[in-house]
Structure formats: C-alpha cells, structure tokens
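Participant: Structure for the following, please:
(one chain, ligands or ions: 1)
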Amino acid sequence: MKSTSDFHYHSIEKDWRLRRHMSTTPESTVLKIENVPAEDSSPAGGLISIWTVNRPNKLNALNAEVNTAIKSACAWAESNDDVRVVVITGAAPETPPEGKRAKPNSFVAGADISEFQGMSSVEIRPIFDDNVWEYVWNLSKPTIAMVDGFALGGGSEIALSCDLRIATARSNFGTPEINLGLIPGGGGTQRLCRLLGYGRAMEMVMSGEMVNGEEAHRIGLVNHLVEPEALRSKTMEIAQGLASKSPHTIRIAKAAVRAALENPFSAGILAERDLFCALFDTEDMAIGVKAFLNREKAEWTGA
Ligand code: COA
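Facilitator: As a prediction, the model looks like this:
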C-alpha cells in the first residue's frame, strides 16, 4: 500500500514493545484470556479477546504479576492478526467463607498498594517507565473496558487507556492516590483532562472522590451504562460490531482520532486528511465502495 505522507505511517507505527511476536495465547492465573469468535469478521477467523484480571480477593489490584501478564497479552494481541478487539474486565467476587463478608465487585481497585511500601523514586521509576497503561493505550486494535465495580487509581487508568468504557451503575471510578500521598502515575491526570475536561479532572485528582456509574455516564467517562446482567452481552454486541469492520481501516480510524490528542487542531485536520487519502490506495476501500454500490456485504481483506 502506498502512503501519501510521512505522518501516516510514522504516527501509527507500532510501539516497539508491542512488536515482539508471540504465536500462542499467554497463560496466567492472574489474567484469564478467553477468545470468542468474531461472528461477522472478514478476513474470517477473527477473535474478540476477553482478558479478566483475576485477583478477586484483592479487588483485582495490579501487582507485578498482573502487569507482566497484561503486557504479554498486549504483545500477543498486537502480533496476532486474528485478534480484532480486546475487552478488559475484572473477576467477580468469590463466594466468601462461612461467616465472612463478601468482597465488593471490582474492575481493578488500583495498583497493588502493598508493593509501594518502602520504595524510593529510583526503584519505582523503571516500573513506571515501562508501564502497563502504555501497553494497553498503544494497542492498535479497538479496546473496551467492561467495568462492574471499583475502577480506582491504576484501575481507572486501565479503563482510561481503553478506547471505550461500558459500566454498571454500581461501578465507582476514582483517582484516590491523593489519600496515599500520591498522584495518578499511569496517565490518569492527562487522560482524564482529555476525556472529561480540565475542571472535572482537577476535582477528581485533588479530592480523590469517587464518581459512581451513573455520574460517570453523565459526564462522558463511560460510553454505555448497563444493568449488571446485561454487561457482557452489551459489551459483546459492541465488540462484535467493531470486529466486523475492516481490521486495517479500523486501525487507521483509531489513529486518526488519536491524532486529535497529539496535535494542534490544524495539524490534526491535516493528519486526518493524510490518513483519509491514503485509504484510497487500499483494497478494503475499493471493496467497501463496490459493495455499497452493488448492495452487497463487504468482505474485507484487511489490506
Ligand atoms: N492494593 C492492594 N490491595 C487492595 C487494593 C489495592 N489497591 N484495594 C483493595 N485491596 C485489598 C484490601 O487490602 C483487602 O485485602 P484483605 O482482605 O487481604 O485485607 C481486599 O482487597 C478487599 O478490600 P477492602 O478494603 O477490605 O474492601 P472494602 O469494601 O472495605 O473497600 C475499597 C473497598 C475499594 C474502597 C478499598 O479497598 C480501597 O480503598 N482500596 C484502595 C483503592 C486505592 O487507593 N487505589 C489506588 C491505588 S494507587
């Protein structure tokens, strides 16, 4: 495929950390990976990969093991053409032992605070220089956070690193790091500003207060608010829709919208134009236009 500008391929070039090839689905007890067939995908064989952070007794907090597993899953998803959409969620609470109270529902209740104890800036720095949130953010494929419960600190930042957020009313989003003598470190200050605007972001970061699912939906933090029993079906309906698009075109669409975050307005307009024009050299544009005019279903090649 020909490119009409430097912007195009430079800006959507894969993050170097995601380039390593992994042919088999990584396995981990702290990150369950379920691959569901994308029903209407072309090229055929598309998958929706659902990743469940699985530490329900610690409200799915992100410890080093979870972070490593998510990074491996990102590298695998990026290098596997069959993966069309990634969904990230948290494990449901387990049935408590007799006489004990049940743990609350949680997406991810943050970075594992126990790993912070006694750490210096020199020790924490490498972990945050090669952080899990950038891996998720840098995936070129559509990503959806499926949230039922606490999405706090690093957990809210996983949700913010996804393209879409689908949540239940009983969810709570927040950046409570201020209460630990910290601030968000996984991109929360920046991504909240871009998504919600300066005023709301400032209030959430400074107060550390949580925003419930309904409020999160009202202010645009959440794309869709659903009942708990409909969370998976609504998420899959949206994922299936995204997985039915041309995998190449959807990657370019994501890059074009992201250009709005990286560029001044006029440069972003030009970036979009470059990407739009370059698509005229793709097979899938020819296929899509022909299918429309012939009233047929487009069968994408992904090229
Ligand atoms: N890191 C490590 N452990 C965590 C955790 C985190 N971010 N969030 C919850 N847990 C653990 C608790 O220590 C507890 O473990 P235990 O049962 O072995 O003692 C378990 O998960 C259940 O949490 P608990 O606090 O008992 O549940 P709760 O219903 O009383 O409160 C929260 C729920 C979410 C309000 C509370 O757990 C909380 O404030 N968590 C920390 C959120 C946070 O600050 N995140 C940002 C981190 S940078």
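
Participant: What parts of the stretch 1-150 of the chain come near the ligand?
Facilitator: Counting by Cβ under 6 Å from any ligand atom, the stretch 1-150 of the chain comes close to the ligand at 58-59, 61, 103-104, 109-114, 150. Heads up, the C-betas are built off the backbone N, CA and C, glycines and all.

Participant: which one of the residues you listed has the most neighbours?
Facilitator: Highest neighbour count within these, by other Cβ atoms under 10 Å: A111, with 29 neighbours.

Participant: Now that residue: closest residue in space that isn't a chain neighbour?
Facilitator: G154 (3.9 Å; Cβ to Cβ, 6 or more residues apart in numbering).

Participant: Now for the one you found, how many residues are close by?
Facilitator: G154 has 28 neighbours, counted by other Cβ under 10 Å.

Participant: Identify the residues contacting it.
Facilitator: The contact partners of G154, by Cβ atoms under 8 Å, 6 or more residues apart in numbering, come to 61-62, 108, 110-111, 132-133, 185-186.

Participant: CSV please, covering the residues you listed and showing distance to K245 and secondary structure.
Facilitator: Below are these laid out as CSV (distance: Cβ to Cβ, whole Å; DSSP: H, G, I helix; E, B strand; the rest coil):
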residue, distance to K245, secondary structure
A61, 34, coil
L62, 30, strand
V108, 28, strand
G110, 33, coil
A111, 34, strand
V132, 27, helix
W133, 25, helix
G185, 34, coil
G186, 29, coil
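
Participant: Dump the residues of the stretch 1-150 of the chain next to the ligand to CSV, plus pLDDT and distance to V205.
Facilitator: Below are these laid out as CSV (pLDDT from 0 to 100; distance: Cβ to Cβ, whole Å):
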residue, pLDDT, distance to V205
K58, 98, 24
L59, 98, 21
A61, 98, 20
K103, 97, 26
P104, 98, 23
A109, 98, 17
G110, 98, 14
A111, 98, 15
D112, 98, 20
I113, 98, 17
S114, 98, 23
F150, 98, 17
